[in-house]
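1. model this:
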Amino acid sequence: MIPRIYDMDQLDTIYILSDSESQQEQLFTEYPKVKSKYTEIASICEAIRQAVKRCDQNFIPISFIPAGDETSNANLDQLHSSFMYTQIFKEILLDTEYNQQSIKDLVLYWRSQYVGNSEQLNNIDEFGSSYRSDLSISWYTRHWFTYSMLNRALRTLEADIIIKIGFFICDLHRQLVELHAQQFNSDNTTLFTVYRGQGLSKADFEKLVKTKGGLISFNSFLSTSKNRQEAIHIVKTCLKRDHPDLADLYDNIGVMYHDMKEYKKALRFCKKSLRLRQQTLPETHPTLVNSYNNISQIYLQMEEYSTALSYAKRAFQIVQKSLSSNHPNFQATQDNLIGIIGIIGIIRMITGITFDK
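-> Below you'll find the predicted structure:
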């Protein structure tokens, strides 16, 4: 069956429910869309639930407005329509008065959506009996049915669902505003960085790069983490095993660790990137050059000069075969090689230490 349906654009991921170990690795190798094999229906359902959650997350419309002189009425006119509609809904919801009946109506609707799902029905009943406005963040992050419905409503702008869940959106908004005010009104205010694994189209990613220092607008609530690795894990699980963007991700992480002077971690991720590119690209492909140059710079900082020189030479050999001499990457790679040779020459002259040719 897999060969017949594999190339369908609508097919993103394949989950296999089987007790057999035969042909498992072969399937993973031949068909990268095959995510994993499961032996229990419960575990495969949980995996699909998490995949749907990631899809919800990645389909949140995003608008980008550059900073400085580039910001204009023309830029504002290009905001995603869903963002503007969401602002209108927000004003209406915040001006609406809600009461206990609003909670009852939402619980009744939720129960109709989860008929036969005893676990979720118990959670919904708990929501109906114990929900308070100051627990909105807890409910949003704690249970799938609250997170799923709220984000689906804001993504699709289904007015009837937004109205049903309106009190919850308002409570969540107000609690976040309150927590933000508490943080920045404190005498001991400290800034902290949060991370989020977010899928973007190439066009949106290019806009994101150009919007540094500008405005990025979302028409939903964003879940984040203080743990960088959690965000990286989300991105990695969204990408296929041999997806070229995964190599870019590893490279970017390696460069980040290099800038933080954590060279061993930087080396580990840059070598992961190189291995993945070597598996999917010809050995003289110019994309490999970035990996070789990055690794050469890491070894240089680690004072492993011979190894740094070998990677820099390999990068230059590739650009000599694949790029013209006036290409920017040709010049940058040549400068990298000359710089490493120069450093080795200075060390040799001062210390008398020689390195492998």
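2. Just the pLDDT for Asp187.
-> You'll see Asp187 listed with a pLDDT of 68.
3. can you check Arg49 too?
-> You'll see Arg49 listed with a pLDDT of 73.
4. got it, and the one 10 residues further on?
-> We have a pLDDT of 63 for Phe59.
5. go on, Gln113?
-> 85.
6. Now do the helices in the stretch 1-150 of the chain.
-> 2-5, 24-30, 41-58, 73-77, 81-94, 100-113, 118-130, 136-142, 144-156 (DSSP state H, counting those that start in this stretch).
7. What of the stretch 151-300 of the chain?
-> According to DSSP H, counting those that start in this stretch, the helices that the stretch 151-300 of the chain contains are 159-164, 166-185, 202-210, 228-238, 244-259, 263-280, 287-301.
8. most packed of those?
-> Among these, helix 287-301 has the highest mean neighbour count (mean count of other CB atoms under 10 Å), at a mean of 22. All C-beta spots, glycine's among them, are computed from the backbone N, C-alpha and C.
9. ok so, going back, among the helices of the stretch 151-300 of the chain, where is the model least confident on average?
-> Confidence, taken as mean pLDDT, is least for helix 228-238 of the helices of the stretch 151-300 of the chain (a mean of 70).
10. sorry, back to before: so which of the helices of the stretch 151-300 of the chain gets nearest Asp95?
-> Taking CB to CB, helix 166-185 is the member of these nearest to Asp95, at 9.6 Å.
11. Quick one: residues in contact with the closest one.
-> When contacts are defined by CB atoms under 8 Å, 6 or more residues apart in numbering, helix 166-185 is touched by residues 90, 93-94, 96, 98, 102-103, 106, 133-134, 136-137, 139-140, 146, 150, 154, 162, 189, 221.
12. which among these end up buried?
-> By neighbour count, with 16 or more other CB atoms under 10 Å, those hold 90, 93, 98, 102-103, 106, 136, 139-140, 146, 150, 154, 162, 221 as buried.
13. could I get the residues you listed as a markdown table with distance to Asn252?
-> Below are the buried ones among the contacts of helix 166-185 laid out as a markdown table (distance: CB to CB, whole Å):
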| residue | distance to Asn252 |
| --- | --- |
| Lys90 | 34 |
| Leu93 | 38 |
| Tyr98 | 44 |
| Ser102 | 45 |
| Ile103 | 45 |
| Leu106 | 42 |
| Ser136 | 35 |
| Trp139 | 35 |
| Tyr140 | 30 |
| Thr146 | 33 |
| Leu150 | 31 |
| Leu154 | 29 |
| Ile162 | 37 |
| Phe221 | 26 |
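14. looking at it, Leu106 is touching Ile165, isn't it?
-> Yes: counting by CB atoms under 8 Å, Ile165 is a contact partner of Leu106 at 6.1 Å.
15. Isn't Tyr195 up against Thr224?
-> Yes: using CB under 8 Å, Tyr195 makes contact with Thr224 at a distance of 6.2 Å.
16. Give the residues shared as contacts by these two.
-> Residues within reach of Tyr195 and of Thr224 at once, by CB under 8 Å, 6+ apart, are Ala231.
17. Glu97 and Thr86, how far apart?
-> 21 Å (CB to CB, to the nearest Å).
18. Can you report how many residues neighbour Ser148?
-> Neighbourhood size, Ser148 [other CB atoms under 10 Å]: 15.
19. From Tyr140, how far off is it?
-> 11 Å.
20. With Asn326 instead?
-> Going from Asn326 to Tyr140 by CB to CB gives 54 Å.
21. Break this structure down into its domains, please.
-> Domain assignment for the chain, taken from automatic domain parsing, gives 2-61, 62-239, 242-351.
22. that older thread, in JSON lines: the helices of the stretch 151-300 of the chain, plus distance to Ile124.
-> Converted to JSON lines, the helices of the stretch 151-300 of the chain look like this (distance: least, CB to CB, whole Å):
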{"stretch": "helix 159-164", "distance to Ile124": "13"}
{"stretch": "helix 166-185", "distance to Ile124": "13"}
{"stretch": "helix 202-210", "distance to Ile124": "35"}
{"stretch": "helix 228-238", "distance to Ile124": "27"}
{"stretch": "helix 244-259", "distance to Ile124": "38"}
{"stretch": "helix 263-280", "distance to Ile124": "43"}
{"stretch": "helix 287-301", "distance to Ile124": "50"}
